[in-house]
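*Asks:* Sequence plus the predicted model coming up.
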Amino acid sequence: MTVTTSPAILSEDRALSLLEKVVKQSEAEEVFVSLSTGEESLSRFSENQISQNISKTVFSLNITSYFGNKSASAAVTEFDADAIAQTVKRSEELARIAPADPEWMPLLPPQTYDLPPAAFDAATAAASPLERAKMVQQACAIASGEGAEASGTLSAEASLYAIASSTGLRACNHSTEANFGFTARIGDGSSWTESTAWGINELQVAELAAQVVSRAKASRNSREITPGVY
């Protein structure tokens, strides 16, 4: 068995090259292959300090084989030549015994796709635990300065999605996403917010933290309001 370590996120050329090899391995009448790969990292904090840093690499290759109007899919999460070859065969074996699909549609021929708007941010893809910690520290300092306790998460994700088929269809896209969730508690008051952006520096962490702390302070000493006309 030959094992190859997958990088956190493949280049477009390498991703399409991998899919091309899979298409050529197929003995089905038609085949459609999709690849999803990337890296997800998260910093968790509570009581105004970081409590956890985690990171994981994602790799998923899905293969759909077609024999006439019969089809079946198989997936592999190992970046391994033997495992991929076995998955191709498994997809074909399942497709041969699958029931016919009366709603079967032929695979698309090569397409020309409009370039998507900017959705990949290099700073987000490269954000280190230290860089995320500095942003978390900034938010926690705002809470601490007002006597509040902060908790939440700051995450960053870089991913690639690519497709290829035996009919000549090829496409690939890179993207990033960052997410900030923040809760502030002070006395019996609390507030929460969450923000998602394609770039980690678009999150406006300090402004969001200040807003949440302000709402948490305003929510203290709540009182019941009876139904009525106001």
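*Replies:* Cool, got the structure.

*Asks:* Using the three-state scheme, assign Glu78.
*Replies:* coil (DSSP: H, G, I helix; E, B strand; the rest coil).

*Asks:* whoops, Leu16 was the one
*Replies:* helix.

*Asks:* Helices of the protein, start to end?
*Replies:* Taking DSSP state H as the criterion, the chain carries its helices at 12-25, 81-97, 122-125, 129-145, 205-218.

*Asks:* Low-confidence stretches in the chain?
*Replies:* Scanning the chain for pLDDT under 70 picks out 1-8.

*Asks:* what about 50?
*Replies:* 1-6 (pLDDT under 50).

*Asks:* Kindly list the longest strand within the chain.
*Replies:* Across the chain, the longest stretch assigned as strand under DSSP state E is strand 49-67.

*Asks:* Kindly calculate the angle that that strand makes with helix 129-145.
*Replies:* 130 degrees (axes from the mean of the first three to the mean of the last three CA atoms, to 10 degrees).

*Asks:* Kindly export stretch 192-207 (C-alpha atoms) in CSV.
*Replies:* Only the C-alpha atoms of stretch 192-207 are listed here, as CSV (Å, rounded to 0.1, in the frame of the first residue of the first chain):
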residue,chain,number,x,y,z
TRP,A,192,-24.6,36.9,22.6
THR,A,193,-23.7,37.5,19.0
GLU,A,194,-22.3,35.5,16.0
SER,A,195,-20.7,36.8,12.8
THR,A,196,-19.4,35.0,9.7
ALA,A,197,-17.3,36.4,6.9
TRP,A,198,-15.1,35.1,4.1
GLY,A,199,-12.1,36.9,5.6
ILE,A,200,-11.0,36.7,9.3
ASN,A,201,-10.1,40.4,9.4
GLU,A,202,-13.7,41.2,8.2
LEU,A,203,-15.2,40.0,11.5
GLN,A,204,-14.8,43.3,13.5
VAL,A,205,-14.1,41.4,16.7
ALA,A,206,-13.6,44.4,18.9
GLU,A,207,-16.8,46.2,17.8
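
*Asks:* For that stretch, give me every contacting residue.
*Replies:* 118-121, 123-124, 127, 132, 135-136, 138-139, 142, 154, 156, 175-184, 208, 211-212 (CB atoms under 8 Å, 6 or more residues apart in numbering). Where you see a C-beta, it was placed from the backbone N, CA and C, and this is true even at glycine.

*Asks:* make it 6 Å
*Replies:* Stretch 192-207 has contacts (CB atoms under 6 Å, 6 or more residues apart in numbering) with 119, 121, 124, 127, 135, 138-139, 156, 176, 178-183, 208, 212.

*Asks:* and if you look at stretch 106-115?
*Replies:* With CB under 6 Å, 6+ apart, stretch 106-115 has contacts from Glu30, Phe32, Ser165, Thr167, Gly168, Leu169, Ala171.

*Asks:* Name the member of these with the most neighbours.
*Replies:* With neighbours taken as other CB atoms under 10 Å, the top of the contacts of stretch 106-115 is Phe32, carrying 24 neighbours.
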